[in-house]
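# my questions are about this predicted structure, shown below with the sequence.
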Amino acid sequence: MIPSPSLSTHDTVIEPHLNRERFLSMGIPVDNVSPGQAIQRILHMINQFKVDQRARLVATLNVDFVVNAQGLLYRRPKHPELLQILRSADMVTADGFPIVLLGKIAGSQIESRVTGADLVPALAKTFARTGNSMYLLGGAADSANVAANRLVHENPDLTIAGVSSPMIAIEGEGLLTSIQQDQKIVDEINQSEADVLLLGLGNPKQELWFQRNRHRLKVPVTIGVGGTFEFIAGNVRRAPLWVQKSNLEWVYRITQDPKRLLKRYFVGLLKFGLLLLPLLLMRFKYQHQRIECGNSANVAWKIIWGSRTQIIRTTVAPENVTYEWLSRLETSMHQDESSLLFIDCSSVRRIELAGHQMFYDLGQRFKRGRHKGALIGLSQRVQRSLKVSRALDGFDERVLNQSPSDMMTHNQNANSDLSCQSFLLEKSTLIFLNGQADRQSLQKTAIVESINDILSKRDCIVDLRYLVYIDAGAIIDLYQVASKLESAGHQLFLSGLSADLVRSIELMKLPTPFNIVEDGFFSNILCNSIGQVQ
């Protein structure tokens with residue numbers, strides 16, 4: 001029996017904190033925090049690590065991050081894995097005035113910028129008082145060492161757990177030996193017992209490196225700080241305070257290195273402007289149409305069907321969906337996480353811009369199984385408006401306009417744990433992977449060893465269409481198995497890949513491409529099936 005579809009491949013396996021005050025920056029949730037609040041949250045994360053041993057990521061979002069991750073206008077993501085990582089980060093701060101501006105356009109009362117260059121010195125001052133330690137990884141030349149010495153000079157009680165500037169690969173042949181190279185770095189960081197790891201590798205390298213090593217890291221919090229070490233070391237001068245407060249620091253940076261930065265900033269801001277334009281037009285359209293909540297802000301759930309094991313509840317969304325109504329919807333959903341919940345959106349004509357982040361979070365709750373249910377009757381017109389802010393990205397297409405019977409079947413079959421089913425075909429073996437695939441789950445289930453054994457005797461087709469998510473580490477493991485046994489005369493084929501996954505593999509620039517097959521080839525294989533192997 002072929003496994004049923006599970007969830008979308010658009011988001012990572014890591015469950016984000018959904019109850020945070022955030023706004024949507026082109027499909028990337030950004031936390032509305034001040035520098036002081038950001039530090040307090042980092043201290044809280046350090047304490048949480050003692051409870052759950054989960055390494056957490058803090059990203060400082062600027063224009064580069066957005067244009068590196070998202071495609072222009074409504075195109076597919078430019079870097080799907082980077083987008084997944086940023087969306088699932090435990091805190092994302094606004095590092096750059098364009099992100100703050102985007103927040104204001106989206107209706108958020110954002111506190112202020114929280115840049116890596118401001119956060120690291122403030123964190124060092126706090127750690128000198130609390131006794132926490134930090135590890136500096138990355139930076140050009142000797143900038144990390146110089147930065148560490150300056151931080152200690154300014155904060156004599158600060159503990160620097162370690163400093164290193166290794167060569168790190170995120171594409172090409174270097175990926176094939178990244179497991180061993182990363183392990184040495186990770187071991188050194190873990191042995192230092194640092195509370196915070198500062199990654200000065202630049203985007204997207206620092207985020208990709210964290211993602212492929214997060215299961216091995218024993219440091220509570222990792223912060224991607226880009227070129228912050230260069231600022232602290234004095235290799236790059238920061239703008240005067242009045243320039244920073246005027247939100248013109250990017251202009252000052254261009255004057256420091258115009259040959260390198262002028263083209264980069266021009267191209268980046270141009271792409272960001274193209275991404276921002278539809279949102280600006282929507283804001284202009286709605287600015288004179290103030291929405292009043294009134295009685296429509298009430299959320300009333302009605303039971304339409306029930307048994308001993310399952311209850312189905314439904315509520316009707318108002319014509320104008322506001323931030324306040326979505327807040328009340330969220331509260332009511334928290335009070336009932338066992339029922340099947342259907343939200344009738346057939347009357348909805350508009351969703352307030354300030355509520356797009358909450359609408360995105362609603363999709364995440366359904367998508368990740370925190371709540372079971374779906375939206376019913378959301379018009380194509382409203383869906384198009386949600387695409388402008390990328391709020392619709394939070395939803396799996398299967399929970400939009402789905403019938404109760406379909407949704408019940410979907411929820412019964414959804415499974416986040418990695419599992420597989422094997423079928424013996426005429427000349428090959430077909431394997432369906434279901435759930436979440438990363439290097440850790442592949443090791444636990446011994447799937448790589450199984451494929452290794454199959455390839456010693458016959459071809460193997462691994463179908464990925466029912467995966468919730470697969471990370472770069474799992475792709476590398478599959479690639480290495482394929483490369484190792486190709487000389488034996490048998491091949492590993494991959495089928496059922498989403499367009500985003502194909503793009504992620506292309507970005508890895510591995511020496512020899514995978515044997516990726518289309519569904520037509522895949523269908524021909526199924527026609528030759530002669531039995532099932534368990």
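Thanks, I have it.

# if I look at Q70, how far off is R390?
Using CB to CB, to the nearest Å, one gets 7 Å for the distance from Q70 to R390. No exception for glycine: its C-beta is placed from N, CA and C like everyone else's.

# got any residues that touch both of the two?
Common contact partners of Q70 and R390 (CB atoms under 8 Å, 6 or more residues apart in numbering): M26, G27, I28.

# please pick the buried ones from these.
For the shared contacts of Q70 and R390, burial is judged from neighbour counts taken by 16 or more other CB atoms under 10 Å, and it is met by M26, G27, I28.

# can you list phi and psi of the second one for me?
Same thing as G27. In terms of degrees, to the nearest 10, the main-chain angles of G27 are phi 90, psi 0.

# name the residues of the longest helix belonging to the chain that are buried.
Taking residue count as the measure and DSSP state H as the definition, the longest helix of the chain comes out as helix 258-286. If you call a residue buried by 16+ other CB under 10 Å, then helix 258-286 has these buried ones: Y265, G268, K271, F272, L275, L276, P278, L279, M282, R283.

# would you mind giving the shared contacts of Q70 and R390 as JSON lines with pLDDT and distance to E352 added?
Output for those, formatted as JSON lines (pLDDT from 0 to 100; distance: CB to CB, whole Å):
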{"residue": "M26", "pLDDT": "86", "distance to E352": "18"}
{"residue": "G27", "pLDDT": "87", "distance to E352": "18"}
{"residue": "I28", "pLDDT": "92", "distance to E352": "20"}
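
# list just the nearest of the residues you listed to G377.
Of all these, the one sitting nearest G377 is G27; the distance, using CB to CB, is 23.8 Å.

# so what's the residue count around the spatially closest residue to the closest one that is not a sequence neighbour?
Here the nearest residue to G27 in space, its sequence neighbours aside, is R390; by CB to CB, 6 or more residues apart in numbering that works out to 2.8 Å. R390 sits with 22 neighbouring residues when counted by other CB atoms under 10 Å.

# circling back: wait, which of the buried residues of helix 258-286 is closest to K218?
The shortest gap between K218 and any of the buried residues of helix 258-286 belongs to G268, at 35.2 Å (CB to CB).

# how long is stretch 483-498 end to end?
22 Å (CA to CA, to the nearest Å).

# that one: how far from the chain's middle?
28 Å (CA atoms, centre = their mean, to the nearest Å).

# contacting residues for the residue nearest to G27?
Taking CB under 8 Å, 6+ apart as the definition of contact, the neighbours of R390 are L24, M26, G27, I28, Q70, Y360.

# try A169
If you count contacts by CB under 8 Å, 6+ apart, A169 has them with L175, T177, S178, Q181.

# can we see that at 10 Å?
Listed by CB atoms under 10 Å, 6 or more residues apart in numbering, the contact partners of A169 are L175, L176, T177, S178, Q181, D182, K205, L208, W209, M508, K509.

# can you redo the residues you listed as TSV with pLDDT and secondary structure?
Output for those, formatted as TSV (pLDDT from 0 to 100; DSSP: H, G, I helix; E, B strand; the rest coil):
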residue	pLDDT	secondary structure
L175	86	helix
L176	84	helix
T177	86	helix
S178	87	helix
Q181	89	helix
D182	92	helix
K205	94	helix
L208	95	helix
W209	95	helix
M508	91	helix
K509	89	coil
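
# now, the most widely separated pair of the buried residues of helix 258-286?
Y265 and M282 (25.9 Å).

# quick check: mean pLDDT across the biggest strand by length in the chain?
When secondary structure is assigned using DSSP state E, the longest strand within the chain turns out to be strand 459-470. Confidence over strand 459-470 (mean pLDDT, whole number) is 85.

# could you do stretch 231-240 as well?
Averaging pLDDT residue by residue across stretch 231-240 gives 79.

# using pLDDT, spot the least trustworthy of the buried residues of helix 258-286.
Among those, Y265 has the weakest pLDDT, 70.

# what ranges does the stretch 151-300 of the chain have for its strands?
Taking DSSP state E, counting those that start in this stretch as the criterion, the stretch 151-300 of the chain contains strands spanning 159-164, 196-200, 221-224.

# the longest one versus strand 196-200: what angle between them?
Between the axis of strand 159-164 and that of strand 196-200 there is an angle of 40 degrees, by axes from the mean of the first three to the mean of the last three CA atoms, to 10 degrees.

# what's in contact with strand 159-164?
The contact list for strand 159-164 (CB under 10 Å, 6+ apart) reads 124, 127-128, 131-139, 142, 144-149, 151-152, 184-185, 188-189, 191-198, 219, 229.

# burial of E188, as a residue count?
A count of nearby residues for E188, using other CB under 10 Å, gives 15.

# let me have the strands of the stretch 151-300 of the chain in JSON lines, extended by distance to G107.
JSON lines is the format used below for the strands of the stretch 151-300 of the chain (distance: least, CB to CB, whole Å):
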{"stretch": "strand 159-164", "distance to G107": "41"}
{"stretch": "strand 196-200", "distance to G107": "32"}
{"stretch": "strand 221-224", "distance to G107": "27"}
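
# out of these, which comes closest to P35?
Taking CB to CB as the measure, those were each checked against P35, and strand 221-224 came out nearest at 13.0 Å.

# quick one: average pLDDT of the closest one?
The average pLDDT for strand 221-224 rounds to 97.

# could you list the buried residues of that strand?
Along strand 221-224, the positions that meet the burial threshold by neighbour count (16+ other CB under 10 Å) are V221, T222, I223, G224.

# quick one: the second one and T115, what's the gap?
Computed with CB to CB, the distance linking T222 and T115 is 17 Å.

# quick one: low-confidence ranges for the stretch 51-200 of the chain?
73-74 (pLDDT under 70).

# can you pull out the helices in the stretch 401-534 of the chain?
For the stretch 401-534 of the chain, the helices defined by DSSP state H, counting those that start in this stretch cover 404-413, 439-445, 447-455, 472-485, 499-508, 519-527.

# out of these, which one sits most buried?
helix 472-485 (a mean of 20; mean count of other CB atoms under 10 Å).

# who are the packing partners of that one?
Under the contact criterion of 3 or more CB pairs under 10 Å, 6 or more residues apart in numbering; DSSP states H and E, the helices and strands touching helix 472-485 comprise helix 178-192, helix 205-213, strand 428-437, helix 439-445, helix 447-455, strand 459-470, strand 492-495, helix 499-508.
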